[in-house]
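*Asks:* give me the fold of what follows.
(2 chains)
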Number of protein chains: 2
Amino acid sequence: MPENSLPENGYVHGYSARESERLADQAQTLTELLHHDTHYPAGSRVLEAGCGIGAQTVILAKNSPGARITSIDISEDSLARAQEKVRQDGITNVTFRQADIFHLPFGPESFDHIFICFVLEHLADPQRALGQLRPLLKEGGTITVIEGDHGSTFFHPENKDANRAIDCLVELQRRGGGNALIGRQLFPLVTGAGFKEVHVSPRMVYVDSSRPALVEGFTKLTFTAMVDGIGPEVEEQGLMSRVAWERGIAALYRTAESDGVFCYTFFKATARK
Amino acid sequence: MPENSLPENGYVHGYSARESERLADQAQTLTELLHHDTHYPAGSRVLEAGCGIGAQTVILAKNSPGARITSIDISEDSLARAQEKVRQDGITNVTFRQADIFHLPFGPESFDHIFICFVLEHLADPQRALGQLRPLLKEGGTITVIEGDHGSTFFHPENKDANRAIDCLVELQRRGGGNALIGRQLFPLVTGAGFKEVHVSPRMVYVDSSRPALVEGFTKLTFTAMVDGIGPEVEEQGLMSRVAWERGIAALYRTAESDGVFCYTFFKATARK
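*Replies:* Numbering: from 1, shown residues only, chains lettered A, B, ... in the order given. Next up is the predicted model:
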C-alpha cells in the first residue's frame, strides 16, 4: 500500500455501525451550512475524491441533479454502502469506482470540477494529493475542499479535561498520519498545490439551547460521540486516565445543557485551475 | 468606587495614544462584520452603555442617523475624546453623559434600544449589569451586545508561545476582574438577565493573505498589537519569560505572512425585553 494512501487501519474514526450513524447525523445537520453554495451545472463532469460511505455524495448529487458525478474511494466496503445509499435515494447521476487518490485511473482534464470533503485530514501529504488532482481538471475548472478543525473547538462551561480529550483526538489522528487541525491550513495547502483564485470561508457551527437540533445533531451526536468513540484507544495508548477521560466526556455533554454553548469551525475552500 | 464599576486602573487595555490608534484601526476593519445589521429607526431612543473613546459611537450614529443616541461612559477623559470624534465627523444625534453603568441616571423605560459593545468583558458581574439595564428599556425594546473571545483565537502556523501569550492576556484580564472569554457566554448571560428572544451570532474574522486589509488591520494592528501591548505587565507579574514572550509575539506576526492564517471570533447577541 503506498505510503500516502488512505489505509483503513489508519482511519481514526473507524468503520463501525455507530460511526456510520454518526456520519449520517452529521451530514444531515450540516448540509445547509457546508453545501448550500455548491451547485454544478447540468452536463458538467464532477469528481468526488474520497466519498466514504456516501454521506456527502447524496447531498452533492441532489444539489446538482444534472451533473455527472464520479465518486471514488479506496474502500470497497465504503463504496458498497455509498452505492446502496444513493440507490435508496433514487439518485442516478453518480458513478462509483474503487481507486486510490494518489493513483487515479483518469486522464488529464477529465473533469470540470473536483469536490473533496473530510479526506485531506487523513492524508500524510495533503498538498501532494491536491497537486495530483489538479491535472485531472480542465483549465478554468474548480476544486472545492471542505475540512474540519478540531482545534477550533471551544465551549461553555470551560473544562480542562474536555480540552485534553479533544487533544487526544488530535494526537491519535496525528499518530495515524493525519491532521485534525487541517481546516485552518486550506489556504496555504490549496495555494501551494498550484491553484489560483483561492477563497476560503469559515463555517462555524454555533450551538446554544435556542438551537435544539444542533444541540442534539452536532454537540451530542456528532462531536461528543466522535470524541467518546476513541475512549478505548486513548486508554490503550495511555494518553489520559479513564477517570479524567470520563470527566472530559461528561463536560462535553454538559455544554449541551440549557446554559451551555458549543462552537466548532469547518473551512471550505474553492479555487480554480 | 462601587465594586462592579469600570475602574480605569483595572482596564487591561489602558488608555495610551497607541491604544487609541489600535481601537480606531479595529473599529474601521470590523465595522462591516459587527455592525452591518444594526439600524435603529428614526426617532427611537438608544442608550449606548459604555462608549469609551467613541469608536463604536460614530458607527452607531452613522448607521442610524435618525435615532437619538445617548452614550455614557464612566471615564470623563474617554467621553471628551468620544465627543471630539463625533464633532469631527459632523455627527449631531449623540448626547454624551458621564455615568456608572451600575448607577445610571435614567428612569424606567427611558429607551427603545440599548447597545453595549466591548464593555461586559471588563465587568466582574456582567449579568448584573445586563439586569440593571433591562428596566431602562421599554417593553418590547431590544438590547444588542457585542463581545470578543480571546479563547476563540487559532492560527497557522501553530505556536505554543503564542498560545501562552494569549493566555497571559486572558489571565491579566481575569486578575483585573474581567473575562476575556465572555463572547461564548453571551447566550446564558443575556438569557439569565431576563431578556427573551435571545439570538446569538458568531462573527469570525478569518484572515489569510488574500485579505491584506485584514492582515494589516486585524492580525497585526488589532490583535497582535493588543497582545504586544501587555508585554511589560506580563514581565512584571512574572507570567512568562521575556524570551518566550518575544517568541510568542514573533509567532503571532508570523501568521501574517503569505502562508499564514489567523482566526478570531466576536459574538453578537440581540434580545428583547
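
*Asks:* use CA for all of it now, contacts and neighbours both
*Replies:* Fine.

*Asks:* around chain B, pick out the residues from chain A.
*Replies:* A:151-152, A:154-156, A:184-185, A:187-188, A:198-199, A:201-202, A:204, A:206, A:208, A:210, A:259-261 (Cα under 8 Å from any Cα of the partner chain).

*Asks:* so A:Leu133 versus A:Ile114, what's the distance?
*Replies:* 8 Å (Cα to Cα, to the nearest Å).

*Asks:* how many neighbours does A:Val94 have?
*Replies:* For A:Val94, the count of nearby residues is 22 (other Cα atoms under 10 Å in any protein chain shown).

*Asks:* quick one, strands of the stretch 151-273 of chain A?
*Replies:* A:154-156, A:196-208, A:261-272 (DSSP state E, counting those that start in this stretch).

*Asks:* tell me where chain A has helices.
*Replies:* A:17-35, A:55-63, A:76-88, A:126-133, A:160-175, A:186-192, A:212-214, A:225-229, A:231-236, A:242-254 (DSSP state H).

*Asks:* can you list phi and psi of A:Gly148 for me?
*Replies:* The phi/psi pair for A:Gly148 (degrees, to the nearest 10) reads phi -90, psi -180.

*Asks:* contact partners for it?
*Replies:* A:Phe118, A:Ala180, A:Leu181, A:Ile182, A:Gly183, A:Thr265, A:Phe266, A:Phe267 (Cα atoms under 8 Å, 6 or more residues apart in numbering or on different chains).

*Asks:* go again with 7 Å.
*Replies:* Contacts of A:Gly148 were listed using Cα atoms under 7 Å, 6 or more residues apart in numbering or on different chains, and they are A:Ile182, A:Gly183, A:Thr265, A:Phe266, A:Phe267.

*Asks:* would TSV of the residues you listed with pLDDT be doable?
*Replies:* Formatted as TSV, those follow (pLDDT from 0 to 100):
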residue	pLDDT
A:Ile182	98
A:Gly183	98
A:Thr265	97
A:Phe266	97
A:Phe267	98
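
*Asks:* ok, A:Leu30 to chain B distance?
*Replies:* Going from A:Leu30 to chain B by Cα to the nearest Cα, to the nearest Å gives 16 Å.

*Asks:* what number of residues lie near that residue?
*Replies:* Count around A:Leu30 with other Cα under 10 Å applied: 17.

*Asks:* where does the residue lying closest to A:Gly178 once chain neighbours are set aside land on pLDDT?
*Replies:* Closest residue in space to A:Gly178, ignoring its immediate chain neighbours: A:His122 at 4.2 Å, by Cα to Cα, 6 or more residues apart in numbering or on different chains. Listed pLDDT for A:His122 reads 95.

*Asks:* pull the number of nearby residues for A:His122.
*Replies:* Neighbours of A:His122 (other Cα under 10 Å): 24.

*Asks:* same question for A:Ala124.
*Replies:* A:Ala124: 18 neighbours (other Cα under 10 Å).

*Asks:* need the outlier residue of chain A, farthest from its centre.
*Replies:* The C-alpha centroid of chain A is most remote from A:Val243, which lies 29.8 Å away (Cα atoms, centre = their mean).

*Asks:* residues contacting the closest residue to chain B within the stretch 101-250 of chain A?
*Replies:* Of all residues in the stretch 101-250 of chain A, the one sitting closest to chain B is A:Pro188 (5.0 Å; Cα to the nearest Cα). Applying Cα under 7 Å, 6+ apart, we find A:Pro188 in contact with B:Asp259.

*Asks:* again, but for A:Ala80
*Replies:* By Cα under 7 Å, 6+ apart, A:Ala80 has no neighbours at all.

*Asks:* distance of it from chain B?
*Replies:* Taken as Cα to the nearest Cα, the span from A:Ala80 to chain B is 37 Å.

*Asks:* next one: A:Phe266
*Replies:* Counting by Cα to the nearest Cα, the gap from A:Phe266 to chain B is 12 Å.

*Asks:* that residue touches A:Tyr206, doesn't it?
*Replies:* No. Using Cα atoms under 7 Å, A:Phe266 is not in contact with A:Tyr206, being 11.1 Å away.

*Asks:* what's the local residue count around A:Leu221?
*Replies:* 19.

*Asks:* setting aside sequence neighbours, what's the nearest residue to A:Ser44?
*Replies:* Closest to A:Ser44 by Cα to Cα, 6+ apart is A:Ala67, at 5.0 Å.

*Asks:* quick one, phi/psi of that neighbour?
*Replies:* The phi/psi pair for A:Ala67 (degrees, to the nearest 10) is phi -80, psi 150.

*Asks:* residue ranges with poor pLDDT in the stretch 101-250 of chain A?
*Replies:* Within the stretch 101-250 of chain A, no stretch has pLDDT under 70.

*Asks:* what sits against A:Val46?
*Replies:* Contacts of A:Val46 (Cα under 7 Å, 6+ apart): A:Ala67, A:Arg68, A:Ile69, A:Thr70, A:Phe111, A:Asp112, A:His113, A:Ile114.

*Asks:* can you add neighbour count and give these back as JSON lines?
*Replies:* Shown next, in JSON lines, are the contacts of A:Val46 (neighbours: other Cα atoms under 10 Å in any protein chain shown):
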{"residue": "A:Ala67", "neighbour count": "22"}
{"residue": "A:Arg68", "neighbour count": "22"}
{"residue": "A:Ile69", "neighbour count": "27"}
{"residue": "A:Thr70", "neighbour count": "19"}
{"residue": "A:Phe111", "neighbour count": "24"}
{"residue": "A:Asp112", "neighbour count": "23"}
{"residue": "A:His113", "neighbour count": "26"}
{"residue": "A:Ile114", "neighbour count": "23"}
